[in-house]
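Asks: Dropping a prediction and its sequence here:
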Amino acid sequence: MNFAKLAILATAPALALAVTPIAANAQDVGTTVYGNDDAPIGTVEANAEGVVTVNTGKHMAPLPANLLAEREGKWTVNATQAQINGMMDQQVAQANAARDAALVQGAAVMSADGMPAGTIYTIDSEDVVIVKNEAGIVTLTREAFAADANGALMALYSAEQLAANTVEVPEGAEILTPAQAAAKEAAEAGTEAS
């Protein structure tokens, strides 16, 4: 994640602020984090390896723990909820654009644990995606994919999870998503009616 914008917003440690000790710290799950406008940004959902994940109600925003400061008995970050949501919206849009660019028919798919998972066989108008591999097919949604740092397509499931949900396809069977099957059925019904 890009924290450069948040780092710019960070308050200087030399600021003389009234600090009131409180029992909770910013790393405690459930602690409310406030913005520089004194409005709540969200609540702490997790803390791991120096990153505090704050649920803003719209996003799970990963904030570097060193950007949180205690002021006047509240944990704060020098940004507003709108600014954090805006930055997260940009990151989500960039990630979705990278995913969509990689998610094309014939693209190789890796599992979340780095194993080959097959290739994209088809994508329908309702964002249902069929991945075909040697063992059969797996049906997923567009949201089940991401592009890695190199732009390669990755399913957000392990190879084991994908294998457990792979359906064998009989030789010669036509592979369609439900929307594609319905469209084909409607087209055939229209042809018969003519």
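Replies: Looks like it arrived, so ask away. Remember, it's a predicted structure, so these values are computed and weren't measured experimentally. Residues are numbered from 1 along each chain as shown.
Asks: residues contacting residue 35?
Replies: Applying C-beta atoms under 8 Å, 6 or more residues apart in numbering to residue 35 gives the contacts 41, 76, 77, 79, 80, 81, 83, 84. The way it works is simple: take the backbone N, C-alpha and C, and place the C-beta from them, glycine included.
Asks: Would you mind measuring from it to residue 78?
Replies: 8 Å (C-beta to C-beta, to the nearest Å).
Asks: Output the contacting helices and strands for the longest helix seen in the chain.
Replies: If you go by DSSP state H, the chain has its longest helix at helix 81-102. The contact analysis (3 or more C-beta pairs under 8 Å, 6 or more residues apart in numbering; DSSP states H and E) places helix 81-102 against helix 4-9, strand 40-48, strand 60-64, strand 145-147.
Asks: Following element in sequence after the first one, please.
Replies: Using DSSP states H and E, the next helix or strand after helix 4-9 towards the C-terminus is strand 32-34.
Asks: outside of that next one, which residues touch it?
Replies: Here strand 32-34 makes contact (C-beta under 8 Å, 6+ apart) with 26, 40-44, 52, 54, 63, 68, 74-77.
Asks: Reformat these as TSV; add neighbour count and pLDDT.
Replies: Output for these, formatted as TSV (neighbours: other C-beta atoms under 10 Å; pLDDT from 0 to 100):
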residue	neighbour count	pLDDT
26	22	52
40	15	97
41	26	97
42	24	97
43	16	97
44	22	96
52	26	94
54	27	97
63	24	94
68	21	93
74	16	91
75	22	92
76	22	94
77	27	95
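Asks: Between those residues, which sits nearest residue 108?
Replies: Distance to residue 108, by C-beta to C-beta, is smallest for residue 63 among these, at 34.6 Å.
Asks: Would you agree residue 111 is in contact with residue 154?
Replies: Yes: between residue 111 and residue 154 there is a contact at 7.3 Å, judged by C-beta atoms under 8 Å.
Asks: Against residue 45, how distant is the nearest residue to residue 84 once chain neighbours are set aside?
Replies: Using C-beta to C-beta, 6 or more residues apart in numbering and skipping the chain neighbours, the partner closest in space to residue 84 is residue 61 (5.2 Å). According to C-beta to C-beta, residue 61 stands 9 Å off from residue 45.
Asks: for residue 65, same thing?
Replies: 13 Å.
Asks: Any stretches of the chain with poor pLDDT?
Replies: Scanning the chain for pLDDT under 70 picks out the ranges 1-27, 192-194.
Asks: can you list the domain ranges for the chain.
Replies: Following automatic domain parsing, the chain resolves into domains at 4-96, 103-186.
Asks: now the end-to-end length of the shortest one.
Replies: Distance between the two ends of domain 103-186: 27 Å, counting by C-alpha to C-alpha, to the nearest Å.
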